[in-house]
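1. sequence first, then the predicted structure:
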Amino acid sequence: MKQERKKIERNVSAFLIPSGDKVTIKKGEIAVITQALGGSYTLMVNGNLFKIDGQDADAIGMEVQEKTVVTDTETNRKVNEQQVWNQLKTVYDPEIPINIVDLGLIYDCKLEKSKKGTIVNIKMTLTAPGCGMGPIITDEAKHKVEGIPGVIEANVELVWEPLWNRDMMSEAALLQLGIL
C-alpha cells in the first residue's frame with residue numbers, strides 16, 4: 001500500500017502501538033496511513049503508530065467499515081471450521097501486514113455445536129509475551145468470529161506454549177516479508 005497522508009477530521013479513539021493504550025487522536029493532526037487491512041487502519045502520527053477501527057474510518061476521510069451483526073434469524077445456520085479460519089485471516093497484526101493465521105498465531109480452533117448455534121474455541125499466541133496489542137488483537141479475533149452467522153460465542157484463549165517463532169509463519173507470510 002502506498003502510504004497516504006490524511007488530516008484527522010474529528011477526534012478519534014485509537015490504540016497506541018505497541019503498548020495497546022487507548023488514546024484520542026485530535027482533530028487536525030496529520031496522519032500517514034501505513035496499513036489498511038482487515039477493516040482497520042494503522043496510522044503514524046507525530047512519529048507514533050496507532051490503530052483505529054474501520055468504524056472510525058470517516059475520521060481519516062475513508063469509508064466506514066461496518067461490523068457484521070448476527071441477527072436472531074441467522075443463529076441456527078451451520079458453521080464450518082473453514083469459515084472460522086477465513087474470518088481469522090481478516091485479523092491483522094497492526095505492525096506487520098500479515099494476518100494472524102499466516103503469522104502462525106492460531107494454534108487451535110474447535111467448534112462445539114449446540115441447539116442455539118455454534119461455540120468456537122480458539123487457542124492463540126502472540127509474537128511476544130509482552131505485546132501490549134495482545135488484548136486488542138484477541139478481542140478483534142473474538143468479535144470477527146462472532147460475526148459469522150450461526151456463531152453464538154467465540155472464546156479466545158491466549159497460550160504461551162509453544163512459544164511463537166518465525167518457523168510458525170506460512171510460506172506466504174515468509175515470502176511477503178522477504179525471508180524466504
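-> Now that the structure is in, tell me what you want to look at. Residues are numbered from 1 along each chain as shown.

2. give me the beta-bridge partners of K123?
-> D108, E157 (DSSP bridges).

3. now do the residue most central in space within the chain against G47, distance only.
-> Central residue of the chain (Cα atoms, centre = their mean): V91, 3.1 Å from the mean position. Distance, V91 to G47, by Cβ to Cβ, to the nearest Å: 26 Å. Heads up, the C-betas are built off the backbone N, CA and C, glycines and all.

4. ok, K110 next?
-> 42 Å.

5. can you check G134 too?
-> For G134 relative to G47 (Cβ to Cβ), the value is 23 Å.

6. now do the longest helix seen in the chain: distance to the chain's middle.
-> Using DSSP state H to define each element, the chain has its longest helix at helix 134-146. Per Cα atoms, centre = their mean, to the nearest Å, the displacement of helix 134-146 from the mean C-alpha position of its chain is 6 Å.

7. mind listing what's buried in it?
-> Applying a neighbour-count criterion of 16 or more other Cβ atoms under 10 Å, one finds 134, 136-138, 140-146 buried in helix 134-146.

8. who touches stretch 116-130?
-> 75-79, 84, 88, 93, 96, 100, 103, 105-112, 133-134, 137-138, 141-142, 145, 150-160, 163-164 (Cβ atoms under 8 Å, 6 or more residues apart in numbering).

9. quick check: end-to-end length of it?
-> 37 Å (Cα to Cα, to the nearest Å).

10. go on, stretch 84-104?
-> Terminal residues of stretch 84-104 lie 15 Å apart, using Cα to Cα.

11. what's the answer for stretch 96-111, then?
-> End-to-end distance for stretch 96-111: 28 Å, by Cα to Cα.

12. just the residues contacting that stretch, thanks.
-> With contact meaning Cβ under 8 Å, 6+ apart, stretch 96-111 is reached by 1, 35, 37-38, 79-81, 84-85, 88-93, 118-127, 137, 141, 159, 164, 167-170, 172-173, 176-177.

13. which parts of that stretch are buried?
-> Within stretch 96-111, the residues scored as buried using 16+ other Cβ under 10 Å are 96-106, 109.

14. about what we covered before: out of the buried residues of helix 134-146, who's nearest N11?
-> Among those, I136 lies closest to N11 (Cβ to Cβ), at 19.2 Å.

15. just the pLDDT for the closest one.
-> I136 is assigned 94 on the pLDDT scale.

16. doesn't S19 make contact with it?
-> No: judged on Cβ atoms under 8 Å, I136 makes no contact with S19 at a distance of 10.3 Å.
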